[in-house]
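*Asks:* this is the structure alone, sequence omitted:
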Ligand SMILES: NC(=O)C1=CN([C@@H]2O[C@H](COP(=O)(O)OP(=O)(O)OC[C@H]3O[C@@H](n4cnc5c(N)ncnc54)[C@H](OP(=O)(O)O)[C@@H]3O)[C@@H](O)[C@H]2O)C=CC1
Ligand SMILES: O=C(O)C1=N[C@H](C(=O)O)C[C@H](O)C1
C-alpha cells in the first residue's frame, strides 16, 4: 500500500517505521503547507498526525483528491462535523480516532462499563487525569475527552466535562492535565468516596501502539469498498471477527 504521511514528527516517524515493517511504501512525508497534491494523489491512503491548525485542510484536501484518510491529530474537533459533511459530499473515506492504540480502545470499553456500574453511586466523585510529554500542543488530550464523553453518556450526574479541573461545578466532570518530560500518554479515572477509591489507568510505554493501530486502520480503510465515515470500533470489530 502506498501511504502519504501528513505530519512527519514523532508520530509520523513512528508510523513510517511500522508501515515499512508491514511492507508498505511511503510516497509523501509532508510537514508543512502547501500540500504536494501530485504526491498525495499517488497514495492509496493518507495518515494525518499533524497539528491542530493543519488537520482540517489536510483531511479535506484528501477528500477532494479521492484519497482515503486516517487522522489521529487532536485539538481540531470543533471542525469535525464540517469535515464529515465534506467527506459525505465528496464520497470520501475517513476515520478519526483520538487514540488508535488497541489497549486504549479496550480501555474505552472498560471505562464505559465502569461508568455504567457506578452511575447510581453518587457518593463517588469522579476525577479524570491525563499526563503527556511537555511538547504536546493541546490540553486536555483527545483521549481524555473521549473518556469523559464515555462517562457522561452513562452517568446523568454529569452533563459536561471541564478543563481545568478546578473550574468544574458539581455537574461537570473535571479533567486534569499534567505535562511531564517524555511521558507517552497516561490516562487515569478515579472514583473517590470518603470510604474508598476505585481507579482504572492506561499507561502507554511507547508510541508504537498508536502507530500500529493507525496503520491497521489504514489497511482496513483502503480495502473498504463503501465510502463513508468509520471509527476504530468498526476496524476492531472486523479485526477481532477474523
Ligand atoms: N490518535 C492517536 O492515537 C494519537 C494522536 N496523537 C496526536 O497526533 C498529533 C501529532 O503528534 P506528534 O507526532 O507527537 O507531534 P509532533 O509535533 O512531533 O509532529 C507534528 C508534525 O506536524 C508537522 N506540521 C506542521 N504543520 C503541518 C502541516 N501544515 N501539514 C502537515 N504537517 C505539519 C510539524 O512540523 P514542524 O515541527 O516543522 O512544525 C511536525 O513535524 C498531535 O495532535 C497528537 O495529539 C499523538 C499520538 C497518538
Ligand atoms: O500528543 C500525544 O502524544 C498524544 N495524543 C493523543 C491524545 O491527545 O489523546 C493520544 C495519545 O495519548 C498521545
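*Replies:* Received the coordinates, thanks. Keep in mind it's a predicted model, so treat the numbers as computed, not measured. Ligands and ions are numbered 1, 2, ... in the order given.
*Asks:* please name the residues that touch residue 54.
*Replies:* 6-7, 33, 73 (C-beta atoms under 8 Å, 6 or more residues apart in numbering). For the C-beta atoms, the positions are set from N, CA and C on the backbone; glycine is no exception.
*Asks:* what two of those residues are the furthest from one another?
*Replies:* 33 and 73 (14.2 Å; C-beta to C-beta).
*Asks:* give the contact list for the residue lying farthest from the centre of the chain.
*Replies:* Distance from the centre of the chain peaks at residue 195, with 34.6 Å (C-alpha atoms, centre = their mean). Contacts here follow C-beta under 8 Å, 6+ apart; on that basis residue 195 touches residue 123.
*Asks:* ok, and it, which helix or strand is that part of?
*Replies:* For residue 195, there is no host helix or strand (DSSP states H and E).
*Asks:* if we can go back for a sec, so between residue 33 and residue 73, which is more surrounded?
*Replies:* residue 73 (25 against 11; other C-beta atoms under 10 Å).
*Asks:* so the more buried one touches residue 57, yeah?
*Replies:* No. Between residue 73 and residue 57 there is no contact under C-beta atoms under 8 Å: 11.1 Å.
*Asks:* ok, how many other residues are close to the closest residue to residue 233 other than its chain neighbours?
*Replies:* Residue nearest to residue 233 in three dimensions, not counting chain neighbours: residue 105, with 7.7 Å by C-beta to C-beta, 6 or more residues apart in numbering. Counted with other C-beta under 10 Å, residues neighbouring residue 105 total 19.
*Asks:* part of a helix, is residue 105?
*Replies:* Yes. When classified by DSSP: H, G, I helix; E, B strand; the rest coil, residue 105 is found to be part of a helix.
*Asks:* how close does it sit to residue 137?
*Replies:* The gap separating residue 105 from residue 137 is 23 Å, by C-beta to C-beta, to the nearest Å.
*Asks:* just so I have it, where are all the strands in this structure?
*Replies:* For the chain, strands defined by DSSP state E occupy the ranges 2-6, 25-30, 45-48, 69-71, 93-96, 125-132, 160-162, 172-179, 186-192, 197-203, 228-230.
*Asks:* low-confidence ranges, the chain, go.
*Replies:* 242 (pLDDT under 70).
*Asks:* what segments of it are helices?
*Replies:* Assignment of helices within the chain using DSSP state H yields the ranges 10-21, 37-42, 52-65, 80-89, 102-118, 142-152, 208-223, 232-241.
*Asks:* adding distance to ligand 1, write the ones you listed out as TSV.
*Replies:* Output for the helices of the chain, formatted as TSV (distance: least, C-beta to the nearest ligand atom, whole Å):
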stretch	distance to ligand 1
helix 10-21	3
helix 37-42	11
helix 52-65	3
helix 80-89	13
helix 102-118	7
helix 142-152	6
helix 208-223	4
helix 232-241	9
